[in-house]
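Chemist: here is the input, now give the coordinates:
(one chain, ligands or ions: 1)
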Amino acid sequence: MKAASARVLLTGATGGIGRAAARQLALAGASLMLVGRSPARVSALARELAQSSQRSIEHFTWNVADLNDAAALGSLAQSAAAWGANVVVHNAGLPSFGALGSVSGPAMQQVLQTNLLAPMLLTQALLPHLQSLPKSQVVCVGSALGRLGLPGFSVYSASKFGLRGFAEALRRELASGPVKVQYFAPRSTRTEFNDDDVHAYNRATGTATDQPEQVAHALVQLLESEAAEAFLGFPEKLAVRLNGLVPEWLDGSFKKHRDSLPPAHAAMATRQSAPLTHLSSDRSPT
Ligand SMILES: NC(=O)c1ccc[n+]([C@@H]2O[C@H](COP(=O)([O-])OP(=O)(O)OC[C@H]3O[C@@H](n4cnc5c(N)ncnc54)[C@H](OP(=O)(O)O)[C@@H]3O)[C@@H](O)[C@H]2O)c1
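Modeler: Numbers count the residues shown, from 1 in each chain. Here you go, the predicted structure:
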């Protein structure tokens, strides 16, 4: 739908991509219910949007919720339905970088809960409302790593592959009704999401990064196009397609990525992959 007709429930609104998306959606005429965990930051963003878009503050409401808290998630869904949200952007997310052995069990659970289970539960809670509208959209913010698994991102990829599976299956399940389900896949983006280890890995592997404003622009385009999916950047777009068709062709391409894991991570990756080294077919990095 056109941004000007959208009433968007935006999670992770106070994060890097969330703020940029909120600004561009506001300028394009959308109304927003901003969701964050800090009342000060989320309310300040609402005021900023009203000022910068020169529209009434009525268009910019906000809600404080930890999406991993079932009660908070339930009351958020109720508020969003009462407010008349016709678009949900599941943008809140947590990073995870490092060899599998370096990620604690609780951290793993937190990532899966935040990136996968919370969007599923919030979608489920809002579905009766969204289905009662003539037209509505659910946008799942995934990642290129939701279709391309890279060394160091096994936990994060599990969450985003899961989210993509959820979006695809639900899109097909709801195809005869008013709710469109979309999957949006940025590549690496310059926000606080990525720590110094990820920056070093990106530099060493020649991984390009986008500005959050570019990502936000593409998000508005996806909303308005109503396309099923959008993947950002080249060569990521090509790599995810190839990986979908013949993943084994790519299996030998990531030695540089493994070698670029921080020392502690690399040591663990080497230890963990040791029993499988006889199966390795790594090509030299080019
Ligand atoms: N940056 C990248 O390289 C990149 C690449 C591809 C995809 N993505 C995806 O894009 C989305 C946004 O990422 P970003 O770069 O903007 O990250 P960010 O700056 O770290 O923002 C993440 C947002 O998620 C919110 N959040 C995390 N856990 C939450 C919880 N339990 N309850 C409520 N909110 C929670 C944070 O809330 P607070 O503000 O309250 O902390 C924050 O607003 C994520 O889904 C991420 O996976 C990012």
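
Chemist: skipping its backbone neighbours, what lies nearest residue 35 in space?
Modeler: residue 11 (4.6 Å; Cβ to Cβ, 6 or more residues apart in numbering). Using the backbone N, CA and C atoms, a C-beta is placed for each residue, glycine as well.

Chemist: pretty sure the one you found contacts residue 68?
Modeler: No: contact status for residue 11 versus residue 68: not in contact, 11.5 Å apart, counting by Cβ atoms under 8 Å.

Chemist: so between those two, which is more surrounded?
Modeler: Per other Cβ atoms under 10 Å, whichever of residue 11 and residue 68 has more neighbours is residue 11, with 27 against 16.

Chemist: residue contacts, the more buried one?
Modeler: By Cβ atoms under 8 Å, 6 or more residues apart in numbering, the contact list for residue 11 reads 18, 35, 67, 89-92, 119, 122.

Chemist: now with 10 Å, please.
Modeler: Residue 11 sits next to 18, 33-36, 63, 65, 67, 73, 76, 88-93, 114, 118-119, 122, 141 when contact means Cβ atoms under 10 Å, 6 or more residues apart in numbering.

Chemist: equivalent analysis for residue 33, please.
Modeler: Applying Cβ under 10 Å, 6+ apart to residue 33 gives the contacts 7-11, 13, 46, 60-63, 76, 79-80, 83-85, 87-88.

Chemist: kindly recompute the last result at 7 Å.
Modeler: 9-10, 61-63, 80, 83, 85 (Cβ atoms under 7 Å, 6 or more residues apart in numbering).

Chemist: so stretch 12-30, near the ligand or not?
Modeler: Yes: applying Cβ under 6 Å from any ligand atom, one finds stretch 12-30 touching the ligand at 12, 14-18.

Chemist: apologies, that question was intended for stretch 150-163.
Modeler: No: under the criterion of Cβ under 6 Å from any ligand atom, the ligand is not reached by stretch 150-163; the shortest gap measures 6.7 Å.

Chemist: and if you look at stretch 33-48?
Modeler: Yes: counting by Cβ under 6 Å from any ligand atom, the ligand has neighbours in stretch 33-48: 36-38.

Chemist: neighbour-wise, which of these leads?
Modeler: residue 36 (26 neighbours).

Chemist: verify the contact between that residue and residue 44 for me.
Modeler: No: using Cβ atoms under 7 Å, residue 36 is not in contact with residue 44, being 9.9 Å away.

Chemist: all strands of the stretch 51-200 of the chain, in order?
Modeler: 60-64, 87-90, 136-141, 179-185 (DSSP state E, counting those that start in this stretch).

Chemist: deepest of these, which one?
Modeler: Mean neighbours per residue, mean count of other Cβ atoms under 10 Å, is largest over those for strand 87-90, with a mean of 28.

Chemist: pairing partners for that one, with directions?
Modeler: Applying DSSP bridges to the sheet, strand 87-90 is found paired with strand 7-10 (parallel), strand 136-141 (parallel).

Chemist: Serialize the ones you listed to TSV and add fields for distance to the ligand.
Modeler: Shown next, in TSV, are those (distance: least, Cβ to the nearest ligand atom, whole Å):
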stretch	distance to the ligand
strand 7-10	10
strand 136-141	5
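
Chemist: now the ones you listed in TSV, with mean pLDDT?
Modeler: Shown next, in TSV, are the strands paired with strand 87-90 (pLDDT from 0 to 100):
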stretch	mean pLDDT
strand 7-10	98
strand 136-141	98
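
Chemist: I'd like the ones you listed laid out as JSON lines, including distance to residue 163.
Modeler: Shown next, in JSON lines, are the strands paired with strand 87-90 (distance: least, Cβ to Cβ, whole Å):
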{"stretch": "strand 7-10", "distance to residue 163": "16"}
{"stretch": "strand 136-141", "distance to residue 163": "5"}
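
Chemist: now stretch 37-52: buried residues?
Modeler: Within stretch 37-52, the residues that count as buried by 16 or more other Cβ atoms under 10 Å are 41-43, 45-46, 49-50.

Chemist: with that, I have no additional questions.
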